[in-house]
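**Q** below are the sequence and a predicted model for it; my questions follow.
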Amino acid sequence: MEALSCGNFGFWDWGQNPVGAASVFREYTNYLTREKPWVDVALFFPTTAHRLSPSNSFPPRLQAVGARLRDVMDFDMLDEELIADHGLRHYRVLVWVEGDWVEEKTLKALAAWVEKGGVLVWWGGQVPETVEGCTSFGSALLGLTPEASWQGGGPLNIQNPAFLRHLQAQAGPRAGATATGLGRSAEVLATAEQRPAIWAMPHRKGWVIAAAGLDEAAFNELVRDAAYNLSGLDAKKTDAPEVDADYDGVYATLLANGEVILFNSHAEARTKSVRGKVVTLPPRSLRSVLLYAR
């Protein structure tokens, strides 16, 4: 499944595995078609912040969010070097989970991408700053004025249910923090204690969607809304097809030819509905569903 969802041209394994499990390799060899996955969402790997935190083997919040989100959506990873190499041009949505320090050139690249139509989803309680200590780029990106400050949070009150459908369906979502001092163009999407907890800042053709301090489960639902309900925020934006709506340990990858590859990670069989098409997956197996013909 990893090879398929990454669009690999081949699969490498230790010699004893194909010999010892020849029937498994024969069963699944036809799945490796080199078909390109359809992925337009990426998670931002905070290269600079990661290097400034040598005690962390991997950014912990990014790891937790990524592991959970992969159960309901496919995504790629972009670090600062890939962004410098113009990697953003392949994506519709970028999710910034953690990392308070970033190179100035990365912030400028993000701002340029957003202005051309990209959507950045940001989660944090501290304005991103450059390694030189400048916060003006981060504040401008998030739509915060010099008078902005962080305040306490509380239960979420959804202001835009057309966009935040997944978040509104969650039981008791909360914000750990709120913000004051937003720019005039900012659109408040959710409040806590009558203060902005989630807001969207327009930048020409694109948006920055900022969450001051959601809990992890609530932020994951915000990311799903950015991927699947973006037209509820901006009618000019497109929505990705939601082929996997359940946190159920069955992972999905949508290929460019309209085929959905499913992987059942459980030791028991699972039945899965993919946009109305039902398929039963044996334990720890792969199956495919054709949604449409290219």
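**A** Sure thing, it's come through. Numbers count the residues shown, from 1 in each chain.

**Q** got a list of contacts for the longest strand belonging to the chain?
**A** In the chain, assigned by DSSP state E, the strand with the most residues is strand 144-155. Contacts to strand 144-155, defined as Cβ atoms under 8 Å, 6 or more residues apart in numbering, come from residues 125-127, 139, 172-183, 192-193, 195, 197, 212-213. (Glycine included, C-beta is placed from N, CA and C.)

**Q** tell me which residues of that strand are tucked away?
**A** By 16 or more other Cβ atoms under 10 Å, the buried positions in strand 144-155 come out as 144, 150-151, 153-154.

**Q** ok, now stretch 18-36?
**A** 31, 35.

**Q** may I have it exported as CSV, CA atoms only?
**A** Output of stretch 18-36 as CSV, limited to C-alpha atoms (Å, rounded to 0.1, in the frame of the first residue of the first chain):
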residue,chain,number,x,y,z
PRO,A,18,9.0,-13.1,-1.9
VAL,A,19,10.1,-16.7,-1.6
GLY,A,20,8.3,-17.2,1.7
ALA,A,21,5.1,-15.5,0.7
ALA,A,22,5.0,-16.1,-3.1
SER,A,23,1.2,-16.4,-3.1
VAL,A,24,0.9,-12.9,-1.6
PHE,A,25,3.2,-11.4,-4.2
ARG,A,26,1.3,-13.1,-7.0
GLU,A,27,-2.0,-11.9,-5.7
TYR,A,28,-1.0,-8.2,-5.5
THR,A,29,1.5,-7.8,-8.3
ASN,A,30,-1.2,-6.5,-10.7
TYR,A,31,-1.8,-3.6,-8.4
LEU,A,32,1.6,-2.1,-9.1
THR,A,33,0.5,-0.3,-12.3
ARG,A,34,2.6,2.9,-11.9
GLU,A,35,-0.7,4.9,-11.9
LYS,A,36,-0.1,8.3,-10.4
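
**Q** any idea how far the residue nearest to Arg89 when sequence neighbours are not counted is from Asp71?
**A** Once flanking residues are discounted, Arg89 sits nearest to Trp113: 7.6 Å by Cβ to Cβ, 6 or more residues apart in numbering. Per Cβ to Cβ, to the nearest Å, Trp113 is found 27 Å from Asp71.

**Q** on that earlier part again, for the host helix or strand of the residue nearest to Arg89, which helices and strands make contact with it?
**A** Per DSSP states H and E, Trp113 falls inside helix 104-115. The contact analysis (3 or more Cβ pairs under 8 Å, 6 or more residues apart in numbering; DSSP states H and E) places helix 104-115 against helix 80-84, strand 119-123, helix 136-142, strand 195-203, strand 206-211.

**Q** contacts for it?
**A** In contact with helix 104-115 (Cβ under 8 Å, 6+ apart) are residues 48, 80, 83-84, 88-89, 94, 118, 120, 128, 130-132, 134, 137-138, 140-141, 203-208.

**Q** mind checking which of these are buried?
**A** Here, 16+ other Cβ under 10 Å leaves 48, 80, 83, 88, 94, 118, 120, 128, 130, 137-138, 140-141, 203, 206-208 buried among the contacts of helix 104-115.

**Q** what about the helices in the stretch 1-150 of the chain?
**A** 2-5, 16-20, 22-28, 47-51, 60-69, 80-84, 104-115, 136-142 (DSSP state H, counting those that start in this stretch).

**Q** show me how this protein divides into domains.
**A** 2-12+21-37+243-290, 41-232 (automatic domain parsing).
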